[in-house]
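Asks: build me a structure from this.
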Amino acid sequence: MPKGVTCSVANCNFWKEGNNCGADEIKIEIDQHAGANLNEEFAGDELGLYHQDEAKQSAATCCQTFKPKE
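Replies: You can find the predicted model right below:
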């Protein structure tokens, strides 16, 4: 579990009592790439898969670790 990571999204599959995150790792992306499928592998980085981005404020980011509880 990520140490010291708290979350207030109670309907996330990884949400634990006390607002603790129970995910093994956290994946964060800027909103601009929120819908990108980064799980597929392609040869090289000509498609921008190994990109680096900057967010000017936290509101421009999203947590891709979120998974709704069933």
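Asks: which residue packs closest to residue 16, ignoring adjacent ones?
Replies: Using CB to CB, 6 or more residues apart in numbering and skipping residues adjacent in sequence, the residue nearest residue 16 is residue 22, 4.4 Å away. For every residue, glycine as well, the C-beta is placed using N, CA and C.
Asks: dump the residue contacts of residue 55.
Replies: Listed by CB atoms under 8 Å, 6 or more residues apart in numbering, the contact set of residue 55 reads 30, 61.
Asks: measure it to residue 25 for me?
Replies: Spatial separation of residue 55 from residue 25 under the definition CB to CB, to the nearest Å is 19 Å.
Asks: repeat that for residue 6.
Replies: Using CB to CB, one gets 16 Å for the distance from residue 6 to residue 25.
Asks: so where's the chain shaky on pLDDT?
Replies: In the predicted model, the chain carries pLDDT under 70 at residues 1-3, 33-51.
Asks: just the helices in this structure please.
Replies: Per DSSP state H, the chain carries no helices over any range.
Asks: hang on, the earlier thing: any idea how many residues pack against the residue nearest to residue 16?
Replies: Burial of residue 22 is recorded as 14 neighbouring residues (other CB atoms under 10 Å).
Asks: please apply the same query to residue 57.
Replies: A count of nearby residues for residue 57, using other CB under 10 Å, gives 6.
Asks: residues contacting it?
Replies: Here residue 57 is in contact with no residue (CB under 8 Å, 6+ apart).
Asks: repeat for the one 10 residues further on
Replies: By CB under 8 Å, 6+ apart, the residues touching residue 67 are 12-14.
Asks: among the residues you listed, who's most crowded?
Replies: Neighbour counts for those, by other CB under 10 Å, peak at residue 14, which reaches 20 neighbours.
Asks: that one contacts residue 25, correct?
Replies: No. With contact defined as CB atoms under 8 Å, residue 14 does not count as touching residue 25 (10.2 Å).
Asks: quick one: common contacting residues for the two?
Replies: Common neighbours of residue 14 and residue 25 are listed as residue 65 (criterion: CB under 8 Å, 6+ apart).
Asks: ok, now how distant is residue 60 from residue 54?
Replies: Here the criterion is CB to CB. By it, residue 60 lies 9 Å from residue 54.
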